[in-house]
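Colleague: This is a predicted model, with the sequence first.
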Amino acid sequence: MKKQIAVLPGDGIGKEVTKGAVDVLQAIGDRFDHQFEFTYGHIGGVAYEVTGSPLPDETVELCKQSDAVLLGAVGGPKYDTLPVHLRPERGLLKIRKDLDLYANLRPTTFYASLADSSPLRKEIIQDVDMLMVRELTGGLYFGKPSERRTVDEKEAVVDTLFYKREEMVRVIELAFQLADKRGKKVTSVDKANVLESSRMWREVAEEVAKRYPSVKLEHMLVDNAAMQLIKNPKSFDVVVTENLFGDILSDEASVLTGSLGMLPSASLSENGPYLYEPIHGSAPDIEGKNIANPLAAILSAAMMLRVSFGLEEEAAAVEKAVDEVLNAGLRTKDILSEGKRAVSTSEMVAEVKACILGHETISSIMGAYA
Ligand code: NAD
(Lines give C-alpha, C1' and ligand atoms only; values in the text may rest on other atoms or scores of the structure.)
Protein backbone atom coordinates (compact mmCIF):
# COMPACT_ATOMS: atom_id res chain seq x y z
CA MET A 1 0.00 0.00 0.00
CA LYS A 2 1.21 3.52 -0.79
CA LYS A 3 -0.02 6.45 1.31
CA GLN A 4 0.75 10.15 1.59
CA ILE A 5 0.89 11.42 5.16
CA ALA A 6 1.02 15.11 6.03
CA VAL A 7 3.06 15.66 9.19
CA LEU A 8 2.50 18.86 11.18
CA PRO A 9 4.86 18.70 14.17
CA GLY A 10 3.86 22.13 15.55
CA ASP A 11 5.44 23.47 18.72
CA GLY A 12 7.21 22.29 21.85
CA ILE A 13 7.29 18.51 22.28
CA GLY A 14 5.11 18.20 19.17
CA LYS A 15 8.32 17.96 17.15
CA GLU A 16 9.78 15.24 19.39
CA VAL A 17 6.71 13.02 19.57
CA THR A 18 5.76 13.25 15.89
CA LYS A 19 9.30 12.19 15.01
CA GLY A 20 8.70 9.11 17.13
CA ALA A 21 5.40 8.36 15.41
CA VAL A 22 6.95 8.78 11.95
CA ASP A 23 9.82 6.41 12.90
CA VAL A 24 7.28 3.83 14.03
CA LEU A 25 5.21 4.18 10.85
CA GLN A 26 8.39 3.67 8.85
CA ALA A 27 9.10 0.50 10.82
CA ILE A 28 5.56 -0.70 10.03
CA GLY A 29 6.15 0.13 6.36
CA ASP A 30 9.35 -1.94 6.41
CA ARG A 31 7.79 -4.94 8.13
CA PHE A 32 4.55 -5.06 6.16
CA ASP A 33 5.88 -3.73 2.87
CA HIS A 34 3.95 -0.47 2.68
CA GLN A 35 5.20 2.83 1.36
CA PHE A 36 4.39 5.79 3.56
CA GLU A 37 5.48 9.14 2.18
CA PHE A 38 5.75 11.98 4.68
CA THR A 39 5.43 15.65 3.75
CA TYR A 40 5.94 18.26 6.43
CA GLY A 41 3.92 21.43 7.04
CA HIS A 42 3.81 24.20 9.61
CA ILE A 43 1.09 24.87 12.15
CA GLY A 44 0.92 26.86 15.38
CA GLY A 45 3.60 29.15 16.78
CA VAL A 46 6.29 27.89 14.45
CA ALA A 47 4.02 28.56 11.47
CA TYR A 48 3.48 32.10 12.73
CA GLU A 49 7.24 32.61 13.02
CA VAL A 50 7.93 31.27 9.54
CA THR A 51 4.92 32.55 7.59
CA GLY A 52 3.15 35.13 9.76
CA SER A 53 0.07 32.91 10.10
CA PRO A 54 -0.66 30.09 12.59
CA LEU A 55 -2.11 28.09 9.70
CA PRO A 56 -0.79 29.04 6.27
CA ASP A 57 -2.81 28.09 3.20
CA GLU A 58 0.01 25.77 2.03
CA THR A 59 -0.51 23.63 5.13
CA VAL A 60 -4.24 23.31 4.49
CA GLU A 61 -3.54 22.43 0.84
CA LEU A 62 -0.95 19.85 1.87
CA CYS A 63 -3.44 18.22 4.26
CA LYS A 64 -6.20 18.17 1.64
CA GLN A 65 -3.89 16.41 -0.81
CA SER A 66 -2.84 13.78 1.74
CA ASP A 67 -4.44 10.51 2.80
CA ALA A 68 -4.08 11.33 6.48
CA VAL A 69 -2.64 14.01 8.76
CA LEU A 70 -0.40 13.51 11.78
CA LEU A 71 -0.28 16.48 14.15
CA GLY A 72 1.97 17.08 17.17
CA ALA A 73 0.79 19.96 19.34
CA VAL A 74 0.70 23.73 19.23
CA GLY A 75 1.23 26.57 21.68
CA GLY A 76 3.70 27.95 24.14
CA PRO A 77 4.12 30.90 26.52
CA LYS A 78 6.07 32.98 24.00
CA TYR A 79 2.97 33.20 21.82
CA ASP A 80 0.54 34.11 24.62
CA THR A 81 0.87 37.84 23.99
CA LEU A 82 0.08 37.67 20.27
CA PRO A 83 -3.26 39.06 19.06
CA VAL A 84 -5.91 36.32 19.32
CA HIS A 85 -6.14 35.72 15.55
CA LEU A 86 -2.40 34.98 15.35
CA ARG A 87 -2.14 32.63 18.34
CA PRO A 88 -1.21 28.98 17.75
CA GLU A 89 -4.59 27.71 19.03
CA ARG A 90 -6.24 29.63 16.16
CA GLY A 91 -4.30 27.39 13.79
CA LEU A 92 -5.73 24.35 15.50
CA LEU A 93 -9.32 25.61 15.42
CA LYS A 94 -8.92 26.64 11.79
CA ILE A 95 -7.57 23.31 10.60
CA ARG A 96 -10.51 21.55 12.28
CA LYS A 97 -12.87 23.88 10.45
CA ASP A 98 -11.02 23.82 7.09
CA LEU A 99 -10.90 20.02 7.02
CA ASP A 100 -14.41 19.84 8.54
CA LEU A 101 -13.17 17.53 11.30
CA TYR A 102 -16.48 17.34 13.11
CA ALA A 103 -15.82 14.41 15.43
CA ASN A 104 -12.91 13.80 17.78
CA LEU A 105 -12.49 10.23 18.99
CA ARG A 106 -10.50 9.55 22.14
CA PRO A 107 -10.24 6.02 23.44
CA THR A 108 -9.34 5.50 27.09
CA THR A 109 -7.79 2.10 27.55
CA PHE A 110 -6.66 0.40 30.74
CA TYR A 111 -3.01 -0.71 30.78
CA ALA A 112 -2.47 -3.17 33.61
CA SER A 113 1.22 -2.27 33.58
CA LEU A 114 0.37 1.40 34.25
CA ALA A 115 -2.21 0.89 36.98
CA ASP A 116 0.23 2.42 39.50
CA SER A 117 0.40 5.69 37.54
CA SER A 118 -3.34 6.29 37.79
CA PRO A 119 -4.62 8.59 40.51
CA LEU A 120 -7.52 6.12 40.99
CA ARG A 121 -7.52 2.74 42.70
CA LYS A 122 -6.85 -0.22 40.44
CA GLU A 123 -10.25 -1.82 41.06
CA ILE A 124 -11.95 1.34 39.76
CA ILE A 125 -9.98 1.61 36.53
CA GLN A 126 -9.36 -2.05 35.80
CA ASP A 127 -10.81 -2.97 32.39
CA VAL A 128 -12.00 0.55 31.57
CA ASP A 129 -12.62 0.65 27.82
CA MET A 130 -14.27 3.89 26.86
CA LEU A 131 -14.50 5.90 23.68
CA MET A 132 -15.20 9.59 24.00
CA VAL A 133 -16.73 11.20 20.90
CA ARG A 134 -16.54 14.99 21.04
CA GLU A 135 -18.20 17.34 18.56
CA LEU A 136 -15.33 19.44 17.26
CA THR A 137 -16.44 22.15 14.85
CA GLY A 138 -19.42 23.81 16.51
CA GLY A 139 -20.63 25.17 19.82
CA LEU A 140 -19.04 27.85 21.95
CA TYR A 141 -15.59 27.62 20.36
CA PHE A 142 -16.87 28.77 16.99
CA GLY A 143 -20.05 30.77 17.73
CA LYS A 144 -20.34 34.40 16.69
CA PRO A 145 -20.44 36.91 18.26
CA SER A 146 -17.57 36.26 20.61
CA GLU A 147 -16.49 39.67 21.87
CA ARG A 148 -16.09 42.24 24.61
CA ARG A 149 -18.87 44.81 24.86
CA THR A 150 -19.90 47.81 26.79
CA VAL A 151 -23.34 47.47 28.31
CA ASP A 152 -24.75 50.30 30.41
CA GLU A 153 -21.25 51.81 30.34
CA LYS A 154 -19.85 48.70 32.01
CA GLU A 155 -17.50 46.09 30.57
CA ALA A 156 -19.29 42.93 29.43
CA VAL A 157 -18.58 39.92 27.26
CA VAL A 158 -20.47 37.51 25.03
CA ASP A 159 -19.65 34.05 23.64
CA THR A 160 -22.21 32.25 21.49
CA LEU A 161 -23.21 28.60 21.64
CA PHE A 162 -24.58 27.83 18.19
CA TYR A 163 -25.38 24.46 16.61
CA LYS A 164 -27.32 23.44 13.55
CA ARG A 165 -29.40 20.29 14.07
CA GLU A 166 -27.48 18.53 11.29
CA GLU A 167 -24.20 19.13 13.13
CA MET A 168 -25.63 17.30 16.11
CA VAL A 169 -27.09 14.48 14.00
CA ARG A 170 -23.83 13.55 12.27
CA VAL A 171 -21.72 13.29 15.40
CA ILE A 172 -24.38 11.45 17.41
CA GLU A 173 -24.96 9.11 14.48
CA LEU A 174 -21.23 8.33 14.40
CA ALA A 175 -21.30 7.57 18.14
CA PHE A 176 -24.11 5.07 17.59
CA GLN A 177 -22.29 3.43 14.69
CA LEU A 178 -19.19 3.03 16.85
CA ALA A 179 -21.18 1.73 19.84
CA ASP A 180 -22.90 -0.80 17.60
CA LYS A 181 -19.45 -2.34 16.93
CA ARG A 182 -18.38 -2.19 20.61
CA GLY A 183 -20.30 -2.34 23.88
CA LYS A 184 -23.67 -1.28 22.41
CA LYS A 185 -24.18 1.64 24.76
CA VAL A 186 -24.14 5.40 24.13
CA THR A 187 -24.05 7.91 26.96
CA SER A 188 -25.12 11.28 25.62
CA VAL A 189 -23.88 14.08 27.87
CA ASP A 190 -25.64 17.44 28.05
CA LYS A 191 -26.93 20.12 30.39
CA ALA A 192 -30.57 19.81 29.37
CA ASN A 193 -31.85 21.11 32.70
CA VAL A 194 -30.40 24.55 31.84
CA LEU A 195 -29.43 24.94 28.18
CA GLU A 196 -31.73 25.01 25.15
CA SER A 197 -28.89 23.70 22.98
CA SER A 198 -28.73 20.67 25.28
CA ARG A 199 -32.47 20.08 25.08
CA MET A 200 -32.15 19.95 21.29
CA TRP A 201 -29.08 17.68 21.63
CA ARG A 202 -31.17 15.28 23.76
CA GLU A 203 -34.01 15.33 21.22
CA VAL A 204 -31.58 14.50 18.40
CA ALA A 205 -30.01 11.69 20.43
CA GLU A 206 -33.48 10.16 20.93
CA GLU A 207 -34.21 10.38 17.20
CA VAL A 208 -30.92 8.82 16.17
CA ALA A 209 -31.31 6.06 18.80
CA LYS A 210 -34.45 4.84 17.00
CA ARG A 211 -32.24 3.81 14.07
CA TYR A 212 -30.01 1.67 16.33
CA PRO A 213 -32.36 -0.60 18.30
CA SER A 214 -29.48 -2.78 19.50
CA VAL A 215 -27.69 0.18 21.13
CA LYS A 216 -28.82 1.43 24.54
CA LEU A 217 -28.99 5.21 24.95
CA GLU A 218 -28.58 6.91 28.30
CA HIS A 219 -28.66 10.66 28.92
CA MET A 220 -26.42 12.15 31.56
CA LEU A 221 -26.02 15.71 32.78
CA VAL A 222 -22.47 16.95 32.35
CA ASP A 223 -21.92 17.56 36.07
CA ASN A 224 -22.97 14.00 36.86
CA ALA A 225 -20.81 12.69 33.99
CA ALA A 226 -17.77 14.45 35.49
CA MET A 227 -18.47 12.60 38.75
CA GLN A 228 -19.28 9.19 37.23
CA LEU A 229 -16.05 9.24 35.20
CA ILE A 230 -14.17 9.15 38.49
CA LYS A 231 -16.58 6.98 40.49
CA ASN A 232 -17.51 4.38 37.94
CA PRO A 233 -15.62 4.75 34.63
CA LYS A 234 -16.31 1.11 33.75
CA SER A 235 -19.98 1.95 33.25
CA PHE A 236 -19.18 3.87 30.04
CA ASP A 237 -18.83 2.51 26.52
CA VAL A 238 -19.24 5.33 23.98
CA VAL A 239 -19.73 8.85 25.35
CA VAL A 240 -20.90 11.57 22.96
CA THR A 241 -21.07 15.24 23.76
CA GLU A 242 -20.76 18.75 22.38
CA ASN A 243 -17.50 20.64 21.98
CA LEU A 244 -16.95 22.39 25.32
CA PHE A 245 -18.19 19.54 27.53
CA GLY A 246 -16.15 17.11 25.44
CA ASP A 247 -13.00 19.19 25.78
CA ILE A 248 -13.22 19.05 29.57
CA LEU A 249 -14.51 15.50 30.02
CA SER A 250 -12.03 13.97 27.62
CA ASP A 251 -9.12 15.46 29.58
CA GLU A 252 -10.68 14.11 32.76
CA ALA A 253 -11.02 10.69 31.13
CA SER A 254 -7.39 10.87 30.08
CA VAL A 255 -6.01 10.96 33.61
CA LEU A 256 -7.87 7.76 34.46
CA THR A 257 -5.09 5.81 32.81
CA GLY A 258 -2.33 7.85 34.37
CA SER A 259 -0.85 10.24 31.85
CA LEU A 260 -1.71 12.63 29.11
CA GLY A 261 1.30 11.17 27.35
CA MET A 262 -0.52 7.88 26.72
CA LEU A 263 -3.67 8.96 24.93
CA PRO A 264 -4.18 9.16 21.16
CA SER A 265 -7.01 10.75 19.24
CA ALA A 266 -8.50 10.79 15.77
CA SER A 267 -10.56 13.58 14.23
CA LEU A 268 -12.94 12.53 11.49
CA SER A 269 -14.61 14.37 8.64
CA GLU A 270 -17.21 13.21 6.17
CA ASN A 271 -14.82 12.71 3.25
CA GLY A 272 -11.34 12.69 4.75
CA PRO A 273 -8.52 13.17 5.25
CA TYR A 274 -8.69 12.41 8.96
CA LEU A 275 -6.32 13.97 11.45
CA TYR A 276 -4.50 12.09 14.21
CA GLU A 277 -2.87 13.68 17.23
CA PRO A 278 -1.92 12.95 20.81
CA ILE A 279 -4.34 14.62 23.20
CA HIS A 280 -1.62 16.42 25.15
CA GLY A 281 -0.38 19.93 24.44
CA SER A 282 3.07 21.21 23.56
CA ALA A 283 4.36 20.79 27.14
CA PRO A 284 6.77 23.75 27.02
CA ASP A 285 8.06 22.79 30.48
CA ILE A 286 9.78 19.70 29.07
CA GLU A 287 10.47 20.82 25.50
CA GLY A 288 13.83 19.80 24.06
CA LYS A 289 14.77 17.60 27.03
CA ASN A 290 14.15 14.27 25.29
CA ILE A 291 11.88 13.16 28.16
CA ALA A 292 8.42 13.54 26.57
CA ASN A 293 6.32 10.41 26.34
CA PRO A 294 5.98 9.60 22.62
CA LEU A 295 3.42 6.82 23.13
CA ALA A 296 0.30 8.98 22.64
CA ALA A 297 1.65 10.09 19.26
CA ILE A 298 2.66 6.53 18.39
CA LEU A 299 -0.79 5.23 19.37
CA SER A 300 -2.30 8.02 17.24
CA ALA A 301 -0.32 6.58 14.31
CA ALA A 302 -1.84 3.18 15.14
CA MET A 303 -5.31 4.75 14.94
CA MET A 304 -4.34 6.18 11.54
CA LEU A 305 -3.34 2.73 10.29
CA ARG A 306 -6.64 1.24 11.45
CA VAL A 307 -9.15 4.00 10.70
CA SER A 308 -7.76 5.75 7.62
CA PHE A 309 -5.94 2.87 5.92
CA GLY A 310 -7.92 -0.14 7.18
CA LEU A 311 -4.64 -1.80 8.27
CA GLU A 312 -5.87 -3.66 11.34
CA GLU A 313 -2.94 -6.07 11.64
CA GLU A 314 -0.43 -3.24 11.38
CA ALA A 315 -2.31 -1.13 13.95
CA ALA A 316 -2.42 -4.08 16.31
CA ALA A 317 1.33 -4.60 15.81
CA VAL A 318 1.99 -1.04 17.03
CA GLU A 319 -0.31 -1.47 20.02
CA LYS A 320 1.27 -4.80 20.88
CA ALA A 321 4.75 -3.27 20.70
CA VAL A 322 3.66 -0.48 23.09
CA ASP A 323 2.24 -3.11 25.46
CA GLU A 324 5.45 -5.13 25.34
CA VAL A 325 7.64 -2.15 26.07
CA LEU A 326 5.47 -1.18 29.04
CA ASN A 327 5.32 -4.75 30.30
CA ALA A 328 9.11 -4.83 30.16
CA GLY A 329 9.05 -1.99 32.70
CA LEU A 330 10.31 0.83 30.48
CA ARG A 331 8.86 4.23 31.33
CA THR A 332 9.27 7.84 30.34
CA LYS A 333 9.40 10.18 33.32
CA ASP A 334 5.68 11.02 33.33
CA ILE A 335 4.67 7.39 33.93
CA LEU A 336 7.67 6.29 35.96
CA SER A 337 6.94 4.35 39.14
CA GLU A 338 9.07 2.50 41.65
CA GLY A 339 11.10 -0.39 40.29
CA LYS A 340 10.64 0.65 36.64
CA ARG A 341 13.38 1.77 34.30
CA ALA A 342 13.45 5.41 33.14
CA VAL A 343 14.01 5.90 29.42
CA SER A 344 14.21 8.95 27.20
CA THR A 345 11.84 9.80 24.34
CA SER A 346 14.25 8.45 21.74
CA GLU A 347 14.94 5.26 23.72
CA MET A 348 11.22 4.61 24.05
CA VAL A 349 10.75 5.06 20.29
CA ALA A 350 13.71 2.77 19.55
CA GLU A 351 12.20 0.10 21.82
CA VAL A 352 8.80 0.24 20.14
CA LYS A 353 10.44 0.06 16.71
CA ALA A 354 12.60 -2.86 17.78
CA CYS A 355 9.53 -4.76 19.01
CA ILE A 356 7.78 -4.15 15.68
CA LEU A 357 10.78 -5.27 13.66
CA GLY A 358 11.59 -8.22 15.94
CA HIS A 359 15.03 -6.80 16.75
CA GLU A 360 16.70 -7.23 20.08
CA THR A 361 15.67 -4.54 22.53
CA ILE A 362 16.91 -3.14 25.79
CA SER A 363 13.95 -4.90 27.37
CA SER A 364 14.79 -8.30 25.95
CA ILE A 365 18.43 -7.85 26.92
CA MET A 366 17.29 -6.85 30.41
CA GLY A 367 15.09 -9.95 30.50
CA ALA A 368 18.03 -12.16 29.54
CA TYR A 369 20.18 -10.81 32.37
CA ALA A 370 17.43 -10.53 34.99
P1 NAD B 1 0.13 20.14 28.16
O2 NAD B 1 -0.65 18.96 27.76
O3 NAD B 1 1.09 20.68 27.18
O4 NAD B 1 0.97 19.80 29.50
C5 NAD B 1 0.34 19.51 30.74
C6 NAD B 1 1.34 18.74 31.63
O7 NAD B 1 1.49 17.43 31.13
C8 NAD B 1 2.74 19.36 31.62
O9 NAD B 1 3.31 19.20 32.89
C10 NAD B 1 3.50 18.54 30.61
O11 NAD B 1 4.88 18.47 30.86
C12 NAD B 1 2.84 17.18 30.76
N13 NAD B 1 2.82 16.44 29.48
C14 NAD B 1 2.02 16.68 28.42
N15 NAD B 1 2.30 15.84 27.43
C16 NAD B 1 3.30 15.05 27.88
C17 NAD B 1 4.03 13.99 27.28
N18 NAD B 1 3.80 13.55 26.04
N19 NAD B 1 5.00 13.42 28.02
C20 NAD B 1 5.26 13.83 29.26
N21 NAD B 1 4.59 14.81 29.88
C22 NAD B 1 3.63 15.43 29.19
O23 NAD B 1 -0.90 21.26 28.61
P24 NAD B 1 -0.65 22.76 29.06
O25 NAD B 1 0.61 22.85 29.87
O26 NAD B 1 -1.92 23.20 29.66
O27 NAD B 1 -0.46 23.56 27.72
C28 NAD B 1 0.81 23.89 27.13
C29 NAD B 1 0.56 24.50 25.76
O30 NAD B 1 -0.04 23.52 24.91
C31 NAD B 1 -0.40 25.68 25.78
O32 NAD B 1 0.08 26.64 24.88
C33 NAD B 1 -1.72 25.09 25.31
O34 NAD B 1 -2.53 26.04 24.67
C35 NAD B 1 -1.23 24.05 24.33
N36 NAD B 1 -2.16 22.94 24.10
C37 NAD B 1 -2.21 22.46 22.82
C38 NAD B 1 -3.00 21.38 22.54
C39 NAD B 1 -2.99 20.84 21.14
O40 NAD B 1 -2.13 21.20 20.36
N41 NAD B 1 -3.92 19.96 20.76
C42 NAD B 1 -3.74 20.75 23.54
C43 NAD B 1 -3.65 21.25 24.84
C44 NAD B 1 -2.84 22.34 25.12
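Modeller: Okay, I see it.

Colleague: any idea how far the biggest strand by length in the chain is from the chain center?
Modeller: Counting residues, the longest strand found in the chain (DSSP state E) is strand 2-10. Centroid separation for strand 2-10 versus its chain: 16 Å, with CA atoms, centre = their mean, to the nearest Å.

Colleague: Repeat that for stretch 300-314.
Modeller: Going by CA atoms, centre = their mean, where stretch 300-314 is centred and where its chain is centred differ by 14 Å.

Colleague: so where's this structure shaky on pLDDT?
Modeller: 360-370 (pLDDT under 70).

Colleague: any idea which residue sits dead centre in it?
Modeller: Note on the chain: the residue nearest the mean C-alpha position is S265, at 2.5 Å, using CA atoms, centre = their mean.

Colleague: and that one, that one's in a strand?
Modeller: Yes - read with DSSP: H, G, I helix; E, B strand; the rest coil, S265 is one of the residues of a strand.

Colleague: list the contacts for it?
Modeller: N104, L105, R106, S250, Y276, E277, P278, I279, S300, M303 (CB atoms under 8 Å, 6 or more residues apart in numbering). Every residue, glycine included, has its C-beta placed from N, CA and C.

Colleague: 7 Å instead, please
Modeller: N104, L105, R106, E277, I279, S300 (CB atoms under 7 Å, 6 or more residues apart in numbering).

Colleague: In three-state terms, how would the closest residue to it other than its chain neighbours be classified?
Modeller: Of all residues not flanking S265 in the chain, R106 sits nearest, at 4.6 Å (CB to CB, 6 or more residues apart in numbering). Recorded secondary structure, R106: strand (three-state DSSP).

Colleague: related to what we said a few turns ago, distance of the residue nearest to the centre of the chain from the ligand?
Modeller: 9 Å (CB to the nearest ligand atom, to the nearest Å).

Colleague: So which elements touch the helix or strand just after the longest strand of the chain?
Modeller: Downstream of strand 2-10, the first helix or strand assigned by DSSP states H and E is helix 14-32. Under the contact criterion of 3 or more CB pairs under 7 Å, 6 or more residues apart in numbering; DSSP states H and E, helix 14-32 touches strand 2-10, strand 35-40, strand 68-73, helix 295-303, helix 312-327, helix 345-357.

Colleague: To the ligand, which of the ones you listed lies closest?
Modeller: The ligand sits nearest to strand 68-73 of all the helices and strands packed on helix 14-32, at 3.6 Å, using CB to the nearest ligand atom.

Colleague: Name the strands paired with the closest one and say parallel or antiparallel.
Modeller: strand 2-10 (parallel), strand 274-278 (parallel) (DSSP bridges).

Colleague: Compute the inter-axis angle for the first one and strand 35-40.
Modeller: Yep, that's strand 2-10 we're talking about. Using axes from the mean of the first three to the mean of the last three CA atoms, to 10 degrees, the direction of strand 2-10 lies 30 degrees away from that of strand 35-40.

Colleague: which residues are in contact with strand 2-10?
Modeller: 15, 18, 22, 35-41, 43-44, 46, 59, 62-63, 66-74, 282, 309.

Colleague: Give me the contacts around whichever strand or helix holds C63.
Modeller: For C63, the enclosing helix or strand under DSSP H and E is helix 57-64. Contact partners of helix 57-64, identified using CB under 7 Å, 6+ apart, comprise A6, L8, T39, G41, H42, I43, A47, V69, I95, D98, L99, P273.

Colleague: which residues sit in contact with the fourth one?
Modeller: Neighbouring residues of G41 by CB under 7 Å, 6+ apart: A6, L8, E58, T59, L62.

Colleague: hmm, try it at 10 Å
Modeller: Applying CB atoms under 10 Å, 6 or more residues apart in numbering, one finds that G41 lies in contact with 6-10, 47, 55-56, 58-63, 66, 69, 71, 95.
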